[in-house]
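Colleague: What follows is a predicted protein model with its sequence.
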Number of protein chains: 2
Amino acid sequence: MAFAFTVHATDARARTGTFTTPHGPVETPAFMAVGTLATVKALDPADLTAMGAQMILANAYHLHLRPGDEVVRDLGGLHRFMAWDGPILTDSGGFQVFSLEGLRTVREEGVEFRSHLDGSARFFSPESVMRIERNLGADVVMQFDHVVPGQSPEAPAREAMERSVRWLARCLDAFERLSERPLSALGSRLWAGAGGGGRQDVSNAEALPAPAGAESREPTDESRAAPLATPPLPQALFPIVQGGIHPHLRRESAAAIAGMHDWRGFAVGGLSVGEAKPDMYAMLDVVDEALPRDRPRYLMGVGFPEDLVEGVRRGVDLFDCVAPTRMGRNGAAFTLDGRLNIKRTEFRRDARPLMPGCACATCTRFSRGYVRHLFASDEILGLRLLSLHNVHFLVALMRDARAAVAAGAFDAWSREWLARYLSKSKTGAP
Amino acid sequence: MAFAFTVHATDARARTGTFTTPHGPVETPAFMAVGTLATVKALDPADLTAMGAQMILANAYHLHLRPGDEVVRDLGGLHRFMAWDGPILTDSGGFQVFSLEGLRTVREEGVEFRSHLDGSARFFSPESVMRIERNLGADVVMQFDHVVPGQSPEAPAREAMERSVRWLARCLDAFERLSERPLSALGSRLWAGAGGGGRQDVSNAEALPAPAGAESREPTDESRAAPLATPPLPQALFPIVQGGIHPHLRRESAAAIAGMHDWRGFAVGGLSVGEAKPDMYAMLDVVDEALPRDRPRYLMGVGFPEDLVEGVRRGVDLFDCVAPTRMGRNGAAFTLDGRLNIKRTEFRRDARPLMPGCACATCTRFSRGYVRHLFASDEILGLRLLSLHNVHFLVALMRDARAAVAAGAFDAWSREWLARYLSKSKTGAP
C-alpha cells in the first residue's frame, strides 16, 4: 500500500501518527509549507529539508495558469520540477476560482472563470482539475469543490456542500480512470522513454491536447537532465468536508463523503475564510466526531500558530497556510512571545537572534540587528531569513505538539503555550 | 604573521599562490563576490562556502550610510554581522563618492558629498575612512583614493593619482594609529567585555562619537548572542595604483606606493570604468612590471569572465565584480558558451540545467524550464538560483585557471576557453 496512516498515541482527541506516502512518511500533526507556484516563496528546498519539513503544498490553479500543468508534467512532474523529493499535496483550485468574485460563473458542469493574470477564459470541472493534478503529479490531490464565504447562511452553504459531494463523485471517477494510465499515455514527451525526443503518438481519446510550446527546441540527449524512465507514482485523492458554519451540514457532508469510498484521508475546507474563531473551532469539534479516526484529517488553509494548537486539540493532523512566508516577507517573525516586527528601530543594534533559543538557520547565525538591516536595505536575503524562521517555527511547534501528545500532556502544554504566545502578543512585546 | 603570500607556480606572468589572512587562506587567482551591504545579493553565506568561495568584499561607503559602520562594530564587526567567517575586504568608498557627480566637492582634506539615500551632507577623508573600515573590521581594507573616469586625459589623471598617493600616506598614518588600539577603546559596547551592557568610559581623544542609536534597548545578558570577548584581528591596508590609461602615470604611482611601506598587497584601481579593453589590458601589463611579484595584486571592480582570464594572464591574483549577481537578478546566466537569457520562451520546456556539466547547486538540481518559470513568476528563488550559478561560474573559472597555471598550460587553456566563450556569445547561443 503506497498510502497508510498509523496512529501512535492519543491524548483526549489530539493524536500523533505517521502518514505514509510514495515520497516518504509525514509525522503528524504536521504543518505543510505552501509552495503556490512550485516554490515555497523565498526558500530553497534544502532549507525545508534542513528544518525537518516533511510535506509541502502547491496550487493547481496557479500552476495550471503558469507555467501550465503540462509544462510541469513534461519537465518530470512537480517533485522533479521543484527538486523536492518529499511528499507534496496539490490544492484543486476550488478555493481560488470561487475567490474570483465577478470573474466566474458557476454551473453544475463546472466553473467558468477568467485568469487573474491575463483575463483569458478558463473552465474548471471535476474532470479537468483531476487531469491537471495528475499532470502535476503530487502525492495527494484534492477534489474540486465549491467554496462559500465563512459566514454564509444555510441555503448557499447547503448548495455548495451538496455540489461538492456531487463533484467528488465525478472527481473520483475521473481520478480512477486517469490512475490506470501512466503519464506517458497522456501526451508527455519526457515520460515517453529514455531516448526519445519525439512526441509519442497516442490515439487515446482522453489524451491531453498538444503542448502549447511545441515550437520549443528539443534538447539533445547528451545534455538533457537524467531522463525519467520510471512510471509516475500512485496518488491519493482527498475529499473535502464542506458545510460552512452549520453543524448539521458538516455532518451531512462527512457522512456522504465517508459513504462513497475508502479514502486515504479527509480534508476540512471552507474554514478560516472569514468566520469567527469560535465557529471554526466548533466545526472542528463536529467534524472530529463525524470522520473516521483511522485516517488523517487535513484542515485547509490554517493557519496561525494558535490555530494549529487548537486544531491539534480537535484531532487535526495536517495544516497548511501562507502566513509564515507572507508575514516573513513583510518583516514579521513568529516568536514564543508573539509576533515581532523586525523593521522597528529598536532592533537596530540588537545582537539577539529573532527568537532566543530558536534552532533555525536564521537564529543560530544572525542578529536582529542584521535582519533589520537587510529589511531596511531591501536585501533579498532578509525575505529568506524571516520566511525560514517562520516556517521553522510552525514545523517545530508541531514537533513539540507531537511530543506533548506522546507524553500524555497535551492539554497542559497547549494551555501554557497559548497563554504565553497570546498574552505577549497583545502587548506588542517583545 | 597574520598576512602572507606564497607563490606556488608561475606560467609566463600568470601565477598561483596562497594569500593568508587572519580568517583563513585564499587560493589565488580568486574571484571575490561582492556583498555591498554585508550580503552578497540574494545569496546565503552557506551558498558561498558550499561553492568554494573563499574571500568576499563589502563596501565602506554603503555600510557607513546604512546601517552605519558603528552599528556593524557594535554587532561584532562584519564577519559576525553577516555570518561569514572567511576573509573579507572592504572597499574604501573612493569609487562611490567620486561617482556622485554633482553631489560632491573634492578638496585636499577630503570629499564632501551628499548621501545617495537621503541627501544628508557627509565628509570622507583618509582618516575618517580608516576609522570606518576599522569599525567594519574586514581583513583587508582599501585606502581612500581619488578615482577619475577611464578615458581621462593626463592632467586630471595625474592630479587624482598624486592625490591618491598623498592620501595613502595619511591613510597609513591613521591606520597604524588605529591598529594599536583594540576596538573596545573606540566606543564599542559589545567589545567591552563578556558581561557588560554599559558603554565603556574612554578618555582617548580619538574615540569615536557616541553611537547614534544610544536610545536602543540593551539586550539582557541571557538572551544576547554569544558575547565577543576576543579582541579584533589584525587588518592589512592595501594601496591603490592609479593613473588612468597613461602608462607613465601608472609607473609613477606604483613606484611612489612601493617606496612608502612594505605593503601586504597592492590594488589596481581606475580600470573597468569606461576605458577600452585594450587600454585596460595595456595598463595591467605596465603595472605587472612595476609592482613587486611577491605580493598579491587585486584588480578592482573586474569583472566579466573574459576579463578575469585576461587579468590572470597579466599577473593579477584577486578580482571582484557585481556582474554575476546583478546579471543573475536580471535573468542572465554565464555559461561556457556565453551568456544565456533564461527569460526567453525557448527555455519553457527545457529540461537541461543552465549549463550542462556545471556542478553548482542550481544546475545539479533545477532545469532551465524551472528557473525560467521562477523568473516569469517573479519568484525570489529565481534570483538566488541564477546569482548562485553565476558566482559559482567565476569561482570555478579561477579554480580551472589555477590548475592550468600549475600544469604549465595556461596559455593554451586560456585561448581555448576564450575562443569558445566569445564565439558563442556573439551568436547569442546556446
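Modeller: It's in.
Colleague: Am I right that A:Phe31 sits in a strand?
Modeller: Yes: under DSSP: H, G, I helix; E, B strand; the rest coil, A:Phe31 falls within a strand.
Colleague: What number of residues are in the vicinity of it?
Modeller: 27 (other Cβ atoms under 10 Å in any protein chain shown). For the C-beta atoms, the positions are set from N, CA and C on the backbone; glycine is no exception.
Colleague: What distance do you get for it to chain B?
Modeller: 20 Å (Cβ to the nearest Cβ, to the nearest Å).
Colleague: Just give the closest residue to that residue, not the sequence neighbours.
Modeller: Closest residue to A:Phe31 apart from its sequence neighbours, by Cβ to Cβ, 6 or more residues apart in numbering or on different chains: A:Leu394 at 4.1 Å.
Colleague: I'd guessed the one you found sits against A:Phe334; true?
Modeller: Yes: the criterion here is Cβ atoms under 8 Å, and A:Leu394 meets it with A:Phe334 at 7.4 Å.
Colleague: Mutual contacts of those two, please.
Modeller: Applying Cβ atoms under 8 Å, 6 or more residues apart in numbering or on different chains, one finds that A:Leu394 and A:Phe334 are jointly contacted by A:305, A:324.
Colleague: Would you mind listing the buried residues in the helix or strand harbouring the residue nearest to A:Phe31?
Modeller: Following DSSP states H and E, the helix or strand that holds A:Leu394 is helix A:380-406. Neighbour counts over helix A:380-406 (16 or more other Cβ atoms under 10 Å in any protein chain shown) mark A:380-398, A:401-402, A:404-405 as buried.
Colleague: contacting residues for the closest residue to A:Ile380 other than its chain neighbours?
Modeller: Leaving aside its sequence neighbours, A:Ile380 sits nearest to B:Ala42 (Cβ to Cβ, 6+ apart; 4.3 Å). Neighbouring residues of B:Ala42 by Cβ under 8 Å, 6+ apart: A:380-381, B:325, B:328-329, B:380, B:383-384, B:387-388.
Colleague: my guess is B:Ala42 is in a strand, correct?
Modeller: No: counting by three-state DSSP, B:Ala42 is not part of a strand but coil.
Colleague: Mind pulling the model confidence for it?
Modeller: The model reports B:Ala42 with a pLDDT of 98.
Colleague: I'd like to know how far it sits from B:Ala33.
Modeller: As judged by Cβ to Cβ, to the nearest Å, B:Ala42 and B:Ala33 stand 11 Å apart.
Colleague: Mind listing the shared neighbours of these two?
Modeller: B:Thr325.
Colleague: Now do the same contact list for the closest residue to A:Gly269 other than its chain neighbours.
Modeller: Using Cβ to Cβ, 6+ apart and skipping residues adjacent in sequence, the residue nearest A:Gly269 is A:Ile240, 4.1 Å away. Applying Cβ under 8 Å, 6+ apart to A:Ile240 gives the contacts A:94, A:142-143, A:145, A:164, A:168, A:266-270, A:300.
Colleague: A:Cys321 against A:Val34, yeah?
Modeller: Yes: using Cβ under 8 Å, A:Cys321 makes contact with A:Val34 at a distance of 6.7 Å.
Colleague: Now do A:Thr364, the pLDDT please.
Modeller: Reading off the model, A:Thr364 has pLDDT 98.
Colleague: and the gap between it and chain B?
Modeller: 9 Å.
Colleague: got the contact list for that residue?
Modeller: Neighbouring residues of A:Thr364 by Cβ under 8 Å, 6+ apart: A:353, A:358.
Colleague: coming back round to it: restricted to buried residues, select the contacts of A:Ile240 in PyMOL.
Modeller: A single PyMOL command selects the buried members of the contacts of A:Ile240 (16+ other Cβ under 10 Å):
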select buried, chain A and resi 94+142+143+145+164+168+266+267+268+269+270+300
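Colleague: Test my guess that A:Asp85 contacts A:Ala46.
Modeller: No: using Cβ under 8 Å, A:Asp85 is not in contact with A:Ala46; the gap is 11.1 Å.
Colleague: neighbour-wise, which of those two wins?
Modeller: Taking other Cβ under 10 Å, A:Asp85 and A:Ala46 do not tie; A:Ala46 has more neighbours (17 against 12).
Colleague: Let me know the helix or strand that the more buried one is in.
Modeller: helix A:45-51.
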